[in-house]
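Novice: Give me the fold of what follows.
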Amino acid sequence: MEKLIIRNMKKKKGKNEKMRSIDKEKKRYFSVVVIRSAFIIAGIFLWEYSASSGSYNPIFTSYPSQILKDLMVFFTSGELYKHASITLTEVFWGLFFGSAIGILLAIVFGYFSFIGEIITPIISAISCIPQLALAPVYVLWFGLGLTSKIFLAGLMVFFNVFSATYGAIKSMDKGILESANLLGASHFQTLRTVVIPSCMPWILSGLRGGVSAALVGAIIGEYIGSKGGFGWMITYSTSYFNISRVMSCIVILLFVGLGLNKILDIMEQKLLVWRTVTSLRMENLKNQD
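Specialist: From the prediction side, this is the model:
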């Protein structure tokens, strides 16, 4: 009877500690959101006040209230949908093709290391070339349509995802692969249950860099030559000193990047449930334990 009471008391204590830990995490998250929001709002108010008080010439950066008005005009005119559909199509297809090819080639080179030793230095050499310098060539090859922008965005994504995935495969513990082999796992089973889960943190890290690369590639391609898109709109607006429209496009691209990174955050929570968040401060490590 006493053992049962002690066991129940331990369970109750464990539940209470878990509840306190959850409450602490919620309070921490709330504090982070409040402080971050305060910084952003303070920055916006400072920007607006500086422009309206004449501290600087707003022709160079515009100001929040004017940008908000321009965003409303941009939306109601129907131009926002037109240019957003072009740029987002380039970004998503570039992200898809670049990620898929990067992961596939990394796996192939992981299985056939001899081929990897031949091709990887070539890929590394090409990745060192500034893609801005080659953007006019891609436009010349594929034209002013979506293809040249998708190719440029996909190529920039490919370099990020391939290097992250291939590096993760080469750094894998051989003992894990040997254990899977001893248990009779096939190549496909080993790939699905061992290799990809082990490399997933690095793959997602490459994808996170690939999101920025896809946006940069699409915008650069539109700068060089395009029939529409946010890059084209920024170039066109700059030539007429319409800085409010330029800043409107930048704000939209900012939210697009935030949305894509939020999707990756959700993917990390779903795919990396086993991962624990660590901190270099010893007191934080003790609290996590």
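Novice: which residues touch the residue lying closest to Leu95 once chain neighbours are set aside?
Specialist: Nearest residue to Leu95, sequence neighbours excluded (C-beta to C-beta, 6 or more residues apart in numbering): Ala214, at 4.5 Å. C-beta here means a position set from N, CA and C on the backbone, and glycine is covered the same way. By C-beta atoms under 8 Å, 6 or more residues apart in numbering, the contact list for Ala214 reads 90-92, 94-95, 98, 153-154, 156-157.
Novice: Just the buried residues of these.
Specialist: 90-91, 94-95, 98, 153-154, 156-157 (16 or more other C-beta atoms under 10 Å).
Novice: what residue lies at the spatial centre of the chain?
Specialist: Nearest residue to the geometric centre of the chain (C-alpha atoms, centre = their mean): Arg208, 2.9 Å.
Novice: those helices in the chain, which residues are they?
Specialist: Using DSSP state H, the helices found in the chain span residues 2-52, 64-76, 79-111, 113-127, 131-142, 146-170, 174-182, 187-190, 196-224, 230-239, 243-271, 282-288.
Novice: Using PDB, list the CA coordinates for the shortest one.
Specialist: Put plainly, it is helix 187-190. Only the C-alpha atoms of helix 187-190 are listed here, as PDB (Å, rounded to 0.1, in the frame of the first residue of the first chain):
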ATOM      1  CA  HIS A 187      19.300  -0.300 -50.200                       C
ATOM      2  CA  PHE A 188      15.900   1.400 -50.500                       C
ATOM      3  CA  GLN A 189      14.900   0.500 -46.900                       C
ATOM      4  CA  THR A 190      18.300   1.900 -45.600                       C
END
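Novice: what about the protein, any weak spots by pLDDT?
Specialist: 1-23, 273-289 (pLDDT under 70).
Novice: how near is Phe159 to Glu90?
Specialist: Phe159 sits 17 Å away from Glu90, taking C-beta to C-beta, to the nearest Å as the criterion.
Novice: List phi and psi for Phe60.
Specialist: Here is the backbone geometry of Phe60 (degrees, to the nearest 10): phi -90, psi -30.
Novice: Could you double-check that it sits in contact with Ser244?
Specialist: No. Contact criterion C-beta atoms under 8 Å: Phe60 and Ser244 do not qualify, at 11.5 Å.
Novice: what's the neighbour count on Phe47?
Specialist: Heads up, residue 47 is Trp, not Phe. Trp47 has 18 neighbouring residues, counting by other C-beta atoms under 10 Å.
Novice: typed the wrong thing, it's Ile234
Specialist: 22.
Novice: Now for Ile150, how many residues are close by?
Specialist: The number of residues packed near Ile150 is 26, by other C-beta under 10 Å.
Novice: Could you do Ile119 as well?
Specialist: Neighbour tally, Ile119, other C-beta under 10 Å: 14.
Novice: pretty sure Leu88 is touching Gly259, no?
Specialist: No. Taking contacts as C-beta under 8 Å, Leu88 lies outside contact range of Gly259: 10.2 Å.
Novice: Give me the more crowded residue out of the two.
Specialist: Neighbour totals were compared for Leu88 and Gly259, and Leu88 leads with 16 against 10 (other C-beta under 10 Å).
Novice: Phe158: what's it in contact with?
Specialist: Per C-beta under 8 Å, 6+ apart, neighbours of Phe158: 97-99, 101-102.
Novice: Skip the chain neighbours and tell me the closest residue to it.
Specialist: Gly98 (4.1 Å).
Novice: how far away is the one you found from Leu207?
Specialist: Separation of Gly98 from Leu207 (C-beta to C-beta): 10 Å.
Novice: Overlap in contacts, the two.
Specialist: With C-beta under 8 Å, 6+ apart as the test, Gly98 and Leu207 both reach 160-161.
Novice: Among the contacts of Ala214, which one lies nearest to Leu46?
Specialist: Distance to Leu46 across those (C-beta to C-beta) is lowest for Val91, with 31.4 Å.
Novice: residue contacts, that closest one?
Specialist: 153, 214-215, 218, 256.
Novice: what's the farthest-apart pair in the residues you listed?
Specialist: Top of the distance list for these (C-beta to C-beta): Ala153 and Val256, 12.9 Å.
Novice: Can you measure across stretch 127-135, start residue to end residue?
Specialist: One end of stretch 127-135 sits 13 Å from the other (C-alpha to C-alpha, to the nearest Å).
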